[in-house]
Every structure is written in structure tokens, then in C-alpha cells.
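[1] pasting the structure only:
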Ligand code: SF4
């Protein structure tokens, strides 16, 4: 459990020497409690205090790195159960499973698809983050060969060695140890061997057990044997198992500070029906998975899952904003209508979506209102006649359009008079109150 | 360290209610835990999916959705029957889009007639929705509510600007009611309070905090729903206990992702599955955040979501 400022204070030297940069030990303790300072700043703290504070201040879910290099993915470090409390920290990684029993040709094709999976969405690059290589052949020679092949074709992509056969796992780990693959993994029946491999090659270890309880005792054993970097799989096969198992694990870690389950979760979500797989992966994404292993990489599925992950991992405190500029929808000519709205991303999405629906090529002037919606921005004095006039003048749109007509949202119809005064030579047209009125409005106007 | 299952005990529970009449009526709500966590509480009823039909031929549905109902658009009753008999719909949501002044401006009487026709052919619960035009809905939904007297429908959506007349109609004709506000837990709460102050019981009210599609603000709806559900359970706040509605289809099927062709967007993959996936994933988001009733459009999306709901609610 996190310690309070006073509890931390009791463990500090209490000399108020200021070397930490704070006026008193108490002030420093308060900052530590809020996780706004690091204990290293105090040079005189005792070893014992370090140990107690270190354990207490360790994040409830341990940070683990999947892979090495530019495409390595950080997992864990989550601090809340619900995203409205605080931003979910490290987006889950998506991995595609490849069986070593598939033909070389098949395997190469899949690897190529993983590499080509990157897309850009609202300014973020999203991709399949990792490849899981499953030892389906149970043949160490084949498994090592496939691991080498995948690794050479996708040199930067993190790899999960999905292999419970210790000798095959050892051969594969040895082949690509510098890539820091996740060795997944260890069960009760192969724990000793797998722990030894993970320790020898300094790779994180994935643990598998049926249900949180068995998993926690397995994690305690692994830790006692000297493995620190652990990823845990509660063995869930169904949507129900995922939501219940993952919720219990994450709650135990965060609310009870139960260390044996304070690790990133891996869920194997592989189904024959790709749409069902998509639906179940959605459960894992929303409910606390750090790695979601999928069986296939259809582009439509990637897009839907990437988008869900991006949505749920955005910061709930920061309104999403889009860039202030004149957006072109379709291929608007000099006579195409011009509309204005604010830069709250939701407002932009909805308005631009409706304009697209209308199939009328248009320009949409998106004005920086600090991410507020139209009515809120108007009420806050950010979406005013003078500011709109200034923005339109400075945007250069007067050189792009032949007409001088600006369509404003119906919700701020009240601005039209003043705006006509401030924006000389322009005619202000009041658009519909709700964005869903835009298609009809634009079509009628164009007719 | 011994592992103890970390269970929460909540003081409140979601209101439960029955919709529809007869053998195919359905109970919804009643759970006293966050979605699908049956290890710590009771979830007496599974979430319900209603399939959406309309009173006119939709002019804004992409072809990859529209083709599934070809031949049914001219007659809402026929369309409803097809959904129930061929597609296994457990409930129907009739959206009276045609009454919108910008669409066909159909009259309240026309709407009432459509409602009667639909009710005469289907025995599953019916949800009757206006066109989301504040003034027009007030008259349309009142007429529709009267036409459906005795059928224990859900009518809506009552919004801040028109709730009084719509609530009165739901009271007079004994229907359940959807109250809709725009993506703000306080607005949702306030509207529920106003409505219950008119003598409308919480256990006949459903709340729609406004849906958003995947990629178009889904996270806002997700968090508002989650907070409503948490307030209902942890604070036993009765004004937050009405079952939650997710009007999924209408938000999903106007996004770019469900209509852009594969030629235009090669990196987005097959349009057919992309559209279905968009509705399924949006639906999953709403369900995981606490929705009790979803309104959806694509038959395949409904089928897949039903399958996962089955998995999430059994044993
Ligand atoms: S450096 Fe350490 S001992 Fe000195 S004031 Fe800061 S906390 Fe106290």
C-alpha cells in the first residue's frame, strides 16, 4: 500500500539539510507521497528506509519491456481500474501468433504482413507490436530455425517465444537472446527449467496458470527463484474468463498492493471466427491486458482494435484537440461552401463526418478554442465574433474561395449580426443546430 | 502471501424492469455489480440488443449495410417481421426518422399508423424512437405512445427541451422511457431527477448518455457510462440507477470507416468486415462500460455481439 507523507517522513533522516532541494524532510516526504520526487534525491537516507520505501513506492504493476530497440514496448505501471480516474499508462501490445508447424512460405507471408501493418491514425503510428512464435511442432530444431527466420525478417519487432517445451525454448532463446524475447512460458510442471533459461539469458518470463490464485503462487515461486521480470497469463480462454480473471488480478495489484499479481497480463485471444476474435480482444483491451495475442492480421481487424486501444488510452483530463486550420473535405472548388467550428476533436469528428456524408465538397474552418465544443467555447468567450473574424482573415481562405459566405453552427446563431459587422464583406449564414442536419442543409444549398 | 479474491460489495443496484408483453417480454437491469463480474454479485438479466428499423427507406446507410434489408424498406412492419423471424431479433427499435422536417416531415398520425402496423406483426418488445428533432419529437412520440397503449414499449428519447410532454405520454400510456442527455454525467442525472419529479418511477426509466462510435469519441461515452454505473452501485444513487441505453448503430453507420471503399483505403482492409467490426467493437465498448440495452443495425454485428454476450453472461 502506498505510504502517506507522514509515514515516509518518519523514515527520513529528519535533519532538514536541504540537499534534496526541499526546505525540510517533511516537504520532501510530501512530494514523495505524491510521486513527484524520487528518493534518490536524498543522499543520507538509510538502507533500511530505502528498502521499505522502495517496495512501497514501486508501481502496483511492474514495468516490463517487451523486446529491445526502437520498437520495444513498455508494459505495466498502471495505477487505476477506471480510465476516468487517471490515464491508463502503457497501451497494450498486440501480437500475432505464428505456428512453427506452418510452412516457411506461410510464415514469411505473415511476418511481412506484421511489418506492413503500421497505419497512421489521428497523428499516431499504430501497428501490430509483436510476433508470438508458437512451438506447435514440439521439435527444438524446427522451432529454433523458425525463430531465427522470423527474427531475421522482422529484426526490430519484439518476439514472444510461445513455447512450453524447455529444450526448444532454450534453443530459441539462445538464438535471439539480444532481442530480449518474452519467454512464455512457465507452468508449474516446467518452472525450474524455464526460470533457469530466463535467468541465464536475462529475458522476461511469462507464467501460465489457471486462474489468479494458482497464478499468484506460481509468481511467488518464480520470484523466490530470482526472476523479477514477469508477465502473467490467468489461462482465460473465453470473454468471461478474461474479464473476471483480469479484473481480479488488476484489483489485487492496485487496491490490495498484492505483489504476486503486480505484473502485466498476457491474454491469448485466438478464435476461428475473426469477428469473434475482434470482439473478445476488445474485452481484453478494455479490461487490463498488456499483451493481446491474436491469431490473424486482417487489416480491418487491426484498424478496429488499434482504434479502440487508442480511444481507451487517451488522457481523460485533456480534451483531444485537432489542429487549427481550414480542412478540405472532398475536393472543394472555389465555390464550395465554407463552415466554421471549434477544435474539440469530438466536434471535429462529428462535423466532418456529416459533411462527408453530404457528399458536398466543402471547407471546414476549425478554430483553436482550446479543445472546447461550440457552445462551451462560446460561453467561455473563445468562440466570439471578433476572434472568428480574425481567424478567417488570417487563415488565407479569402484567397481560396471566390464567395464570401461563412456558415456558422446554429447553436451560435446569435453571433451572426456582430460577425457580419466584424468580418467586412462577408455574409454569415446560420447552419443547422446539430451536425446531423448538415447533409440536408448542404445538399439543399448546393441544389 | 495468500490470495484472497478481491471482491467489491456495492450498496446499490441497477433498476430492473420488464419490457414488452406476453411470452417474448424481456427483463433488463437488476445487476448489483460492474458489467459481467458474476464472481461478486448477481446479474439476473443479460443485456439486450434491439435491431433498428425505420419508417422510411434510409438515405444515409452505406450499401454494405443497406443490402441486408433490400425488399423490406417500403414497409416497416415487413421489415420488423423479417428481423424477428429471419434474424432472430429479440427486440425491435423503430426509429421514426421520416418525421424529421428535413427528411419527409411525416405527420404524427402517419407515425402512429406505422407503430400500429409494426405492433400488429411482431410479438417482441418494441422501442419507439423519434427523429431526434426536439419540437417534432414532442408531437410524434406522444402520438406513437398512444398508438402503442398496452404494449409496454420503450419510448424516447426525452431530452431537456421536450421531456415534459414525452414523460406525460409515457405515464398516460404506461410505457418505459429513454431520457437522453449529451455526454455528461451531471446532465444525465439532472434530467433523470426532473423526470422522476414528474412522478415517473426510476424503474421505468432508461438513461442514454449519448453514444459515440469507435474512433469518434467512444472513450467519452465509455467513461460517462462507467461513472453512471459506479454511482448507481457504490453510492446507491437512485437517480443513476436506470438501465443504460447504447444507441450504437446510428453513430457507427455514419463514420468514414464503415463506408470508405477498399480501393480508396487499401490499408483499412475489407469493407464488409470493417463495417461489421466497427459496430461490434463499439457495442463491446458500451457493454463493458455498463450498457443494458443496445440498438444496432447490421445483422451480422448483432449476431456476433449476441454470441459474446452469451459467453459473458453464462455461469
Ligand atoms: S536531503 Fe534528506 S535529510 Fe536532507 S532535507 Fe532532504 S530529505 Fe531531509
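    Looks like it came in fine. Please read these numbers as outputs of a predicted model, since none were measured by experiment. Numbering: from 1, shown residues only, chains lettered A, B, ... in the order given.

[2] For the stretch 201-315 of chain B, give me the ranges with low pLDDT.
    B:315 (pLDDT under 70).

[3] Tell me which residue of it lies closest to chain A.
    Across the stretch 201-315 of chain B, no residue is closer to chain A than residue B:269, which sits at 2.8 Å (Cβ to the nearest Cβ). Every residue, glycine included, has its C-beta placed from N, CA and C.

[4] Now do the same contact list for that residue.
    With contact set as Cβ atoms under 8 Å, 6 or more residues apart in numbering or on different chains, residue B:269 has these partners: A:298-303, B:262.

[5] Can you tell me which of these has the largest number of neighbours?
    Highest neighbour count within the contacts of residue B:269: residue A:302, with 27 neighbours (other Cβ atoms under 10 Å in any protein chain shown).

[6] So which residues of the stretch 1-150 of chain B form strands?
    B:16-19, B:26-29, B:48-54, B:91-95, B:126-129 (DSSP state E, counting those that start in this stretch).

[7] Turn these into CSV, including distance to chain A and mean neighbour count.
    Formatted as CSV, the strands of the stretch 1-150 of chain B follow (distance: least, Cβ to the nearest Cβ, whole Å; neighbours: other Cβ atoms under 10 Å in any protein chain shown):
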stretch, distance to chain A, mean neighbour count
strand B:16-19, 21, 20
strand B:26-29, 19, 20
strand B:48-54, 13, 26
strand B:91-95, 13, 27
strand B:126-129, 14, 27
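
[8] Could you dump those strands into a markdown table with mean pLDDT added?
    Shown next, in a markdown table, are the strands of the stretch 1-150 of chain B (pLDDT from 0 to 100):
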| stretch | mean pLDDT |
| --- | --- |
| strand B:16-19 | 98 |
| strand B:26-29 | 98 |
| strand B:48-54 | 98 |
| strand B:91-95 | 98 |
| strand B:126-129 | 98 |
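
[9] Distance to residue A:146 added to those strands, as TSV?
    Compiled in TSV, the strands of the stretch 1-150 of chain B are given as follows (distance: least, Cβ to Cβ, whole Å):
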stretch	distance to residue A:146
strand B:16-19	54
strand B:26-29	50
strand B:48-54	42
strand B:91-95	49
strand B:126-129	53
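
[10] Which residues of chain A lie near the ligand?
    A:12-13, A:15-20, A:22, A:25, A:28, A:42, A:44 (Cβ under 6 Å from any ligand atom).

[11] Can you flag the buried ones in these?
    A:12, A:20, A:22, A:25, A:28, A:42 (16 or more other Cβ atoms under 10 Å in any protein chain shown).

[12] Quick one: the strands in the stretch 251-400 of chain A, in order.
    Using DSSP E, counting those that start in this stretch, strands in the stretch 251-400 of chain A cover A:266-268, A:291-294, A:325-329, A:338-342, A:362-367.

[13] want to try CSV for those strands, with mean neighbour count as columns?
    Conversion of the strands of the stretch 251-400 of chain A to CSV gives the following (neighbours: other Cβ atoms under 10 Å in any protein chain shown):
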stretch, mean neighbour count
strand A:266-268, 26
strand A:291-294, 26
strand A:325-329, 17
strand A:338-342, 25
strand A:362-367, 22
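
[14] closest one to chain B among the ones you listed?
    strand A:325-329 (10.4 Å).

[15] name the helices or strands packed onto that closest one?
    Packing partners of strand A:325-329 (3 or more Cβ pairs under 8 Å, 6 or more residues apart in numbering or on different chains; DSSP states H and E): helix A:345-358, strand A:362-367.

[16] Just give me the lowest mean pLDDT stretch among these.
    Across the helices and strands packed on strand A:325-329, helix A:345-358 has the smallest mean pLDDT, namely a mean of 85.

[17] which bits of the stretch 1-150 of chain B sit near chain A?
    B:1, B:3-6, B:8, B:34-39, B:60, B:102-103, B:132 (Cβ under 8 Å from any Cβ of the partner chain).

[18] Which residue in those residues has the weakest pLDDT?
    Looking at the residues of the stretch 1-150 of chain B next to chain A by pLDDT, the weakest one is residue B:1, with 75.

[19] so that one touches residue A:220, yeah?
    Yes. In this structure, residue B:1 is within contact of residue A:220 by Cβ atoms under 8 Å, at 6.8 Å.

[20] okay, and the common contacts of those two?
    Jointly contacting residue B:1 and residue A:220 under the rule Cβ under 8 Å, 6+ apart are residue A:260.

[21] returning to what we had before: which residue, neighbours along the chain excluded, lies closest to the residue of the stretch 201-315 of chain B closest to chain A?
    Spatial nearest neighbour of residue B:269, excluding adjacent residues (Cβ to Cβ, 6 or more residues apart in numbering or on different chains): residue A:299 at 2.8 Å.

[22] show me what contacts that neighbour?
    Taking Cβ under 8 Å, 6+ apart, one finds A:117, B:267-270 in contact with residue A:299.

[23] Residue B:56 too?
    Neighbours of residue B:56 in contact, by Cβ under 8 Å, 6+ apart: B:73, B:97-98, B:103-104, B:106.

[24] Please apply the same query to residue B:191.
    For residue B:191, the contacting residues are B:158-160, B:163, B:179-181, by Cβ under 8 Å, 6+ apart.

[25] If we use 10 Å, what do you get?
    Applying Cβ atoms under 10 Å, 6 or more residues apart in numbering or on different chains to residue B:191 gives the contacts B:158-160, B:163, B:179-181, B:205, B:207-209, B:239.

[26] quick one: the helices in chain B?
    Remark: helices assigned in chain B by DSSP state H are B:63-66, B:76-85, B:108-121, B:134-147, B:163-172, B:185-197, B:218-234, B:248-252, B:271-289, B:299-313.

[27] can you redo the ones you listed as CSV with distance to residue A:347?
    Conversion of the helices of chain B to CSV gives the following (distance: least, Cβ to Cβ, whole Å):
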stretch, distance to residue A:347
helix B:63-66, 25
helix B:76-85, 33
helix B:108-121, 31
helix B:134-147, 20
helix B:163-172, 25
helix B:185-197, 17
helix B:218-234, 11
helix B:248-252, 14
helix B:271-289, 19
helix B:299-313, 27
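
[28] Please give the number of neighbouring residues around the closest residue to the ligand within the stretch 51-200 of chain B.
    For the stretch 51-200 of chain B, the residue closest to the ligand is residue B:185, as judged by Cβ to the nearest ligand atom, at 41.4 Å. When neighbours are counted by other Cβ under 10 Å, residue B:185 registers 20.

[29] so who does it touch?
    By Cβ under 10 Å, 6+ apart, residue B:185 lies in contact with A:84, B:207, B:209, B:223-228, B:230-231, B:240.

[30] how near is the nearest residue to residue B:311 once chain neighbours are set aside to the ligand?
    The shortest distance from residue B:311 to any non-neighbouring residue, by Cβ to Cβ, 6+ apart, is to residue A:239 (4.7 Å). Distance of residue A:239 to the ligand, computed by Cβ to the nearest ligand atom, to the nearest Å: 49 Å.

[31] Residue A:431 too?
    If you go by Cβ to the nearest ligand atom, the gap between residue A:431 and the ligand works out to 60 Å.
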